[in-house]
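Asker: what's the 3D shape of this:
(one chain, ligands or ions: 1)
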Amino acid sequence: MLTGAGNLPAPRRHIIPKVAVVGLGYWGPNLLRVLFERTDVDVRWICDSDPARTDRLTRRYPSVMATQSLDDILDDARIDGVVLATPVGTHYELAKRCMEAGKHTFVEKPLAHATPLATELIDFATRQELVLMCGHTFLFSPPVQAVKSLIDAGELGDIYFMSSSRVNLGLHQRDVSVIWDLGPHDFSILLYWLEEPPTTIRATGRDSIVPGIADVAFVTLEFGSGLIANVELSWLAPSKLRRTVIVGSKKMVVYEDGTAEAIKIFDRGVEYKDPETFGEWHLSYRSGDILSPNLPSQEPLSLQAGAFARAISTGELPEHGLALAREVVRLAEAADLSLDNGGERVELGESLQSVTA
Ligand SMILES: NC(=O)c1ccc[n+]([C@@H]2O[C@H](COP(=O)([O-])OP(=O)(O)OC[C@H]3O[C@@H](n4cnc5c(N)ncnc54)[C@H](O)[C@@H]3O)[C@@H](O)[C@H]2O)c1
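Answerer: Predicted coordinates:
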């Protein structure tokens, strides 16, 4: 099991936690918007080392205080939690500083840029009884949760393989490859759906535009059950596509994020009958109905913000927790290693399940 929170429930402090949002580049303003719209959390500070970014947002949110220094937030005893949306390479250091100051901490994905650092953060949060949460937004997405229910109920049968495309034009990250930027979405979804870590990973790709930073990667993951998954990641595509196909022995599913019918369940498959005599090889194809279930239209980002607020105020932690977040870091690390070694298969060895306890 990769679910489980991994750190202890936080003590109840306030009914409405007071938080700060740090890092207001591309993604931070989205987190700020959903936090601001919620009534169960109170945004007090925004912070970015670039004053132009805080200036722009204080005009829209005049009630929040703005700063260029994280220290101002850490020194404010009224602040319960900090939401970090800074570049990947800063996650470990900033999250550590926040927790050392006694703040509950939400870190955008991935939790850290190396597995030992992710482990250190988790251990620290556990020891200090602080909430540490990682922004795997898709785990709060109704279509992703609906696919999990189908898998858990056995509706798809044995899953043979999955194939995913997560591509668009930009945004090139300055400090990490596309594997660390887009990969955590697919890795977290796969781990959540399958509740087992892969046994091997392989990645090929290239740095088409910025030397040394891969902007396209094809990642293949093999699981103990025989299931294989292929994930295409790219910042270099003519249009945006977030599409996952799941092929099971009973049914197949197409999950296309952001479309009106995000999930389509196909009652389709192939049956193979063992030949009794030579030449009697027989396949029968099944082509039944296509169903598109009606799904709740809640915004995953807001549900995620609510989960952080609830964890701080009640100690109730999200179902999928830090073991999964750490496993995502391990997969990104292993995929990068494979990429650097010409697509060599990387054995993943023992999984990091101990934090599920
Ligand atoms: N969940 C999602 O769907 C999703 C989508 C996009 C990005 N992200 C994640 O969000 C994070 C940020 O990505 P981005 O694309 O917004 O990056 P970005 O470079 O556009 O923005 C980062 C911001 O952080 C600021 N910053 C850096 N160090 C700082 C510090 N020490 N103190 C204060 N401010 C600091 C920078 O000035 C910048 O404004 C990344 O971890 C990324 O993986 C998540």
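
Asker: what's the neighbour count on Asp72?
Answerer: Residues near Asp72, counting by other CB atoms under 10 Å, number 15. In this view, the C-beta of every residue, glycine as well, is placed from N, C-alpha and C.

Asker: what about it, helix or strand, and which?
Answerer: helix 70-74 (DSSP states H and E).

Asker: contacts for the helix or strand just after that helix?
Answerer: Using DSSP H and E, the helix or strand that directly follows helix 70-74 along the chain is strand 81-84. If you take CB atoms under 8 Å, 6 or more residues apart in numbering as the criterion, strand 81-84 is touched by 17-23, 31, 35, 70, 73-74, 90-91, 94-95, 98, 103-108, 131, 308-309, 312.

Asker: can strand 81-84 be found next to the ligand?
Answerer: No: applying CB under 6 Å from any ligand atom, one finds strand 81-84 separated from the ligand by no less than 7.8 Å.

Asker: average pLDDT across that strand?
Answerer: For strand 81-84, the mean per-residue pLDDT is 98.

Asker: who are the packing partners of the next helix or strand after that strand?
Answerer: Next in sequence after strand 81-84, counting helices and strands by DSSP H and E, comes helix 91-100. Under the contact definition 3 or more CB pairs under 8 Å, 6 or more residues apart in numbering; DSSP states H and E, helix 91-100 sits against helix 70-74, strand 81-84, strand 104-108, helix 115-128.

Asker: which residues touch helix 91-100?
Answerer: Under CB under 8 Å, 6+ apart, the answer for helix 91-100 is 22, 70, 74, 82, 84, 86, 105, 107-108, 110-114, 117-118, 120-121, 124-125, 128, 130, 132.

Asker: buried among those residues? Make that a ChimeraX selection.
Answerer: Typed into ChimeraX, the line below selects the buried ones among the contacts of helix 91-100, using 16 or more other CB atoms under 10 Å:
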select :22,70,74,82,84,86,105,107,108,110,111,112,113,117,118,121,124,125,128,130,132
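
Asker: the residue of the stretch 1-150 of the chain found nearest the ligand: neighbour count?
Answerer: Scanning the stretch 1-150 of the chain for proximity to the ligand using CB to the nearest ligand atom identifies Gly25 as nearest, at 1.9 Å. Residue neighbour count, defined by other CB under 10 Å, stands at 13 for Gly25.

Asker: in which helix or strand does it reside?
Answerer: Applying DSSP H and E, one finds Gly25 in no helix or strand.

Asker: what's the closest non-adjacent residue to it?
Answerer: Nearest non-adjacent residue to Gly25, counting by CB to CB, 6 or more residues apart in numbering: Arg53, 6.7 Å away.

Asker: Provide the secondary structure category for the one you found.
Answerer: Here Arg53 is helix, with the state taken from DSSP: H, G, I helix; E, B strand; the rest coil.

Asker: please shift the residue numbers so they start at 39 in all later answers.
Answerer: Shifting the count to begin at 39 puts that one at Arg91.

Asker: list the contacts of the closest residue to Ser215 other than its chain neighbours.
Answerer: Distances taken as CB to CB, 6+ apart put Ala252 closest to Ser215, at 4.1 Å, once the chain neighbours are dropped. Going by CB under 8 Å, 6+ apart, Ala252 touches Ser215, Val216, Ile217, Gly243, Arg244, Asp245, Leu377.

Asker: go again using 6 Å as the cut-off
Answerer: Residues near Ala252 by CB atoms under 6 Å, 6 or more residues apart in numbering: Ser215, Val216, Gly243, Asp245, Leu377.

Asker: that one: which element?
Answerer: Of the helices and strands defined by DSSP H and E, none includes Ala252.

Asker: repeat that for Arg71.
Answerer: Assigned by DSSP H and E, Arg71 belongs to helix 66-75.

Asker: what's the answer for Val292, then?
Answerer: Going by DSSP H and E, Val292 is part of strand 290-294.

Asker: and Ser187, which of the three is it?
Answerer: Per three-state DSSP, Ser187 ends up helix.

Asker: again, but for Ala345
Answerer: Under three-state DSSP, the three-state class of Ala345 is helix.

Asker: then Pro148?
Answerer: With three-state DSSP as the basis, Pro148 sits in coil.

Asker: surely it touches Val367?
Answerer: Yes: with contact defined as CB atoms under 6 Å, Pro148 counts as touching Val367 (5.1 Å).
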